[in-house]
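Student: Fold the stuff below for me.
(chains A and B)
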2 protein chains.
Amino acid sequence: MKNLKLICTNCGKEYLIDKFKVRCDECNEPLEVEEIKVGKIRNENILTQSIFDRYRDFMPFSSFDNSLTLSEGFTPLVKPNRLAEEIGIKDVYFKNETQNPTWSFKDRGTSACIIHAAKIGYKRIGTVSTGNMAPSVAAYGRKNNLQTYVLVNSNIPDEKLNPIAIYSPHLIKVDGDYGNLYYKSLEIGKKNDIYFMNSDVPFRVEGSKTIAFEVCEQLNFEMPDYVIVPTSAGGNVRGIEKGFREFENAGLIKTIPKIIVAQALGCSPIVKAFDDGKETIERFSNPDTIAHAIENPYPPSGNQVLRMLKRNEGLAVAVNEEEIINAQRLQAEEGIFGQPASAVALAALIKLREQNKIKENDSVVCIVTGSGLKYTAAFKKHDLEASDCKLENLSHMLKKEKS
Amino acid sequence: MKNLKLICTNCGKEYLIDKFKVRCDECNEPLEVEEIKVGKIRNENILTQSIFDRYRDFMPFSSFDNSLTLSEGFTPLVKPNRLAEEIGIKDVYFKNETQNPTWSFKDRGTSACIIHAAKIGYKRIGTVSTGNMAPSVAAYGRKNNLQTYVLVNSNIPDEKLNPIAIYSPHLIKVDGDYGNLYYKSLEIGKKNDIYFMNSDVPFRVEGSKTIAFEVCEQLNFEMPDYVIVPTSAGGNVRGIEKGFREFENAGLIKTIPKIIVAQALGCSPIVKAFDDGKETIERFSNPDTIAHAIENPYPPSGNQVLRMLKRNEGLAVAVNEEEIINAQRLQAEEGIFGQPASAVALAALIKLREQNKIKENDSVVCIVTGSGLKYTAAFKKHDLEASDCKLENLSHMLKKEKS
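Tutor: Next up is the predicted model:
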């Protein structure tokens, strides 16, 4: 490990980086790895390089065993063909995180945590998740022969349970207050030497930085005006913003894009606090949205996301169910089929453009966080069409429709 | 387009490359783009380069509009941590094609066909598929404002229909002899100016070459002994073998790996002909396997695959349902969850090693063709486990299991 500190995002208290430590003993706010000030990109052949090789100057570890990873990251930044014009803005890009090993952005952070866990000697890992993080931790844990505990909600449907179970982790349906399990798991982990790589632990945030690094490279270091991030616990958006900050520190980019936190109206604790001008979030009552992957009523990094938005001069916006479904389809029609939670970014863009908060000369990057195949129940919300045709009529049918 | 010919893989008759032409007028065998003899890798930053940029010396087109693509390819080659030792061979690698834009290898070939279609002026495209190719063509067609006809079997289950329909193609359930639709669609396409980018059309084969190119780079041009490819129509394995041949032509590699065609025992027309020493395949009766994505009873490139295996001194092997399911789980436990058809490669490796046809000093690359999320019915075949725990007992449970 490099000689860096873990620092409380709120009170600044410092901790050792070679311990598994998530929150401040003083104020219970999330810790983060000390900001990197200098560095360069190690521009080698990506086909034989991992994200942590390429960006090692900006990682808290400089060397690591590559066999721990599944070659996550290096995902495409795709420019849709019609959407920018339809929305009425200069440029829009999709950072397609669905092309990761377990088909979500979570793999970057999981991999960073696995490397950290190996360095500090943990043989047992865990996570609290019924969403994208669960299969990700299960996959990396099992690959690396770690005792891997995935704690899911007791009412998890089979559609979500099976894609976790296939990796053969210790899969545990927890009967009780799942909302409190984030904190409970950290306690249990501390007592039993289990590295709970939950949604916003410091090394997961470090993994998410690589999304920002890649976007910088992919846009030839010409920064977009906005980056929109579907936000749940807050770990991913924190990592992305930190990535831009560190590239600015190192002189690789001149400005930091404004960050937009996008949530579903049905579960929008950060947006609510942001709109009310508060400094702390409150637990969101009766969360209910099709964007399950970001349905966290009490985000553990919520307060830090509010602080981050203040410094960044960013925005927070919530979109309703219809807007999410509409955006999911629009995105698919540009060739990128994300899960509903992913479509929240595009839905937010459309809404902010309609409100003229995003202007016609702006350029925007939307983070597409996970694959649409992960939540097939959403198909029911779409008016999906297929026609029937007898083989003997096919030639006529295809002729008739000729434009 | 470069000044190249389309050449019949059987009789050698030549055709123009700037026409949409799939099979020989003389012998009805598949055409392929003339072999490239010289070229080099354009080693730029992959984050801002497409596969067709990087390998443009080996593509039939040298320039193209990058907005046609979805940044497919550049997928990881992953070395599992336990499997090589368990199987008793030197090295095994998984080429993880599940990390493509629609989560299968098909995107490479679809993109190459889209580029070709644009160059020769087609506004309408189509495909015959109920498997991975259907969503791939739907995604790329819709992105590029092409009239896109996806012809599926009339009894296609919703699980497969919806992930195609979400991209909003003209989705047509064809009632009639679906087995004959490959040929019928080419006829209809010819009459109605529709570019049917079916499973083994010449430019799809060109797209698949990039799998071989990447494997060469990822192994630092040290060739493995074998590359195992789950095989259905035959287009992908043809492309992979052609890729190695062209890199050998160009002096980039010294030897070509032996190719192993892997099929499910329940639908193995190529393996059957190979075992019987025949030069042509016969239609496989009553195909039935969980590896639906490769369940093609009468592969249109079957005869050419037999010719290719002869020249390459390759093998063909079939594996049963239990072997497929077992391999799918083993692969998932190395962090890579492929659909059953993808697991056929690993199942073939295990079988050939048991038969000592693959030796302990061999190194092998398995092509993992598509994501396990695409065929969730396979979960039922696995003994997937989860335990229940009350929150108050969790700490004890995690302590108890401590190793």
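Student: the strands in the stretch 51-200 of chain A, which residues?
Tutor: If you assign secondary structure with DSSP state E, counting those that start in this stretch, the strands in the stretch 51-200 of chain A sit at A:77-78, A:91-96, A:124-128, A:147-153, A:170-175, A:194-196.
Student: Adjacent strands (with direction) for the fourth one?
Tutor: Applying DSSP bridges, strand A:147-153 is found paired with strand A:124-128 (parallel), strand A:170-175 (parallel).
Student: how far away is the nearest residue to residue A:178 once chain neighbours are set aside from residue A:132?
Tutor: Nearest non-adjacent residue to residue A:178, counting by CB to CB, 6 or more residues apart in numbering or on different chains: residue A:153, 4.7 Å away. Using the backbone N, CA and C atoms, a C-beta is placed for each residue, glycine as well. Separation of residue A:153 from residue A:132 (CB to CB, to the nearest Å): 14 Å.
Student: Who has more neighbours out of those two?
Tutor: Set residue A:153 next to residue A:132 and count neighbours by other CB atoms under 10 Å in any protein chain shown: residue A:132 wins out with 32 against 18.
Student: pretty sure that one is touching residue A:104, no?
Tutor: Yes - with contact defined as CB atoms under 8 Å, residue A:132 and residue A:104 form a contacting pair (3.7 Å).
Student: what about the residue in the stretch 201-350 of chain A that chain B sits nearest to, neighbour count?
Tutor: Per CB to the nearest CB, residue A:335 is where the stretch 201-350 of chain A lies closest to chain B, at 3.7 Å. Per other CB under 10 Å, the neighbour tally for residue A:335 reads 27.
Student: Ok, residue A:170 next?
Tutor: Count around residue A:170 with other CB under 10 Å applied: 20.
Student: Now do the helices in chain A.
Tutor: Ranges of helices within chain A are A:51-54, A:83-87, A:106-119, A:133-143, A:158-165, A:181-192, A:202-218, A:235-249, A:269-275, A:302-312, A:321-332, A:340-354, A:394-400, based on DSSP state H.
Student: who's in contact with residue A:150?
Tutor: A:126-127, A:129, A:134, A:137-138, A:164, A:169-172 (CB atoms under 8 Å, 6 or more residues apart in numbering or on different chains).
Student: Most widely separated two among those residues?
Tutor: Using CB to CB, the pair of the contacts of residue A:150 lying farthest apart is A:129 and A:170, separated by 13.8 Å.
Student: Now for residue A:383, how many residues are close by?
Tutor: 8.
Student: Relative to residue A:296, how far out is the residue of the stretch 101-250 of chain A found nearest chain B?
Tutor: Taking CB to the nearest CB, chain B has its nearest neighbour within the stretch 101-250 of chain A at residue A:176, 2.6 Å off. Computed as CB to CB, the residue A:176 to residue A:296 distance reads 17 Å.
Student: follow-up on the earlier one: what touches both of residue A:132 and residue A:104?
Tutor: A:293, A:369-370, A:374.
Student: I'd like those as a markdown table, with distance to chain B and neighbour count appended.
Tutor: Formatted as a markdown table, the shared contacts of residue A:132 and residue A:104 follow (distance: CB to the nearest CB, whole Å; neighbours: other CB atoms under 10 Å in any protein chain shown):
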| residue | distance to chain B | neighbour count |
| --- | --- | --- |
| A:293 | 14 | 28 |
| A:369 | 15 | 32 |
| A:370 | 11 | 26 |
| A:374 | 7 | 25 |
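Student: For the residue lying closest to the residue of the stretch 101-250 of chain A closest to chain B once chain neighbours are set aside, give me its contacts.
Tutor: Closest residue in space to residue A:176, ignoring its immediate chain neighbours: residue B:391 at 2.6 Å, by CB to CB, 6+ apart. Applying CB under 8 Å, 6+ apart, we find residue B:391 in contact with A:174-177, A:181, A:184.
Student: May I ask which of these comes out lowest in pLDDT?
Tutor: Lowest pLDDT within those is found at residue A:177 (83).
Student: wait, what's in contact with that one?
Tutor: Residue A:177 touches residue B:391, counting by CB under 8 Å, 6+ apart.
Student: I'd say the residue of the stretch 201-350 of chain A closest to chain B and residue B:168 touch.
Tutor: No - using CB under 8 Å as the test, residue A:335 is too far from residue B:168 to be in contact (10.9 Å).
Student: which residues do those two both contact?
Tutor: With CB under 8 Å, 6+ apart as the test, residue A:335 and residue B:168 both reach residue B:142.
Student: In terms of neighbours, single out the busier of residue A:176 and residue A:296.
Tutor: residue A:296 (24 against 16).
Student: Roughly how far does that one sit from residue A:199?
Tutor: 8 Å.
Student: Tell me the residues that contact both of these two, please.
Tutor: A:232-233.
Student: quick one on the thing from earlier: of the strands paired with strand A:147-153, which approaches residue B:245 most closely?
Tutor: Of all those, strand A:124-128 comes closest under CB to CB, at 44.5 Å.
Student: What residues does the residue nearest in space to the middle of chain A make contact with?
Tutor: Centroid-nearest residue in chain A, with CA atoms, centre = their mean: residue A:236, separated by 4.3 Å. Residue A:236 is in contact with A:105, A:109, A:208, A:211, A:229, A:367, A:369, counting by CB under 8 Å, 6+ apart.
Student: From those, list just the buried residues.
Tutor: A:105, A:109, A:208, A:211, A:229, A:367, A:369 (16 or more other CB atoms under 10 Å in any protein chain shown).
Student: Provide a list of residues in contact with the spatially closest residue to the fifth one that is not a sequence neighbour.
Tutor: This means residue A:229. With CB to CB, 6+ apart as the criterion, residue A:229 has its nearest non-adjacent residue at 4.2 Å, and that residue is residue A:237. Shown in contact with residue A:237 (CB under 8 Å, 6+ apart): A:208, A:229, A:231, A:259, A:261, A:305, A:308.
Student: same thing with residue A:367?
Tutor: A:95, A:97, A:105, A:211, A:227-230, A:236, A:240, A:342, A:345.
Student: how about 6 Å then?
Tutor: A:95, A:229, A:345 (CB atoms under 6 Å, 6 or more residues apart in numbering or on different chains).
Student: shaky segments in chain A?
Tutor: In the predicted model, chain A carries pLDDT under 70 at residues A:400-403.
Student: who in the stretch 51-200 of chain A is up against chain B?
Tutor: Taking CB under 6 Å from any CB of the partner chain, the part of the stretch 51-200 of chain A that reaches chain B is made up of A:67, A:70-71, A:76, A:78, A:81, A:99, A:139, A:142-143, A:147, A:162, A:165-168, A:171-176, A:188, A:192.
Student: Write the PyMOL selection for whichever of the residues you listed are buried.
Tutor: Selecting only the buried members of these in PyMOL, with burial defined as 16+ other CB under 10 Å, works like this:
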select buried, chain A and resi 70+71+76+78+81+99+139+142+143+147+162+165+166+167+168+171+172+173+174+175+176+188+192
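Student: nearest residue to residue A:200 other than its sequence neighbours?
Tutor: residue A:235 (3.3 Å).
Student: distance of residue A:328 from residue A:339?
Tutor: In terms of CB to CB, residue A:328 sits 8 Å off from residue A:339.
Student: same check, this time on residue A:34
Tutor: Counting by CB to CB - residue A:34 and residue A:339 are separated by 34 Å.
Student: of these two, who's got more company?
Tutor: residue A:339 (29 against 15).
Student: Settle this for me: the more buried one is touching residue A:374, isn't it.
Tutor: Yes - applying CB atoms under 6 Å, one finds residue A:339 in contact with residue A:374, separated by 5.0 Å.
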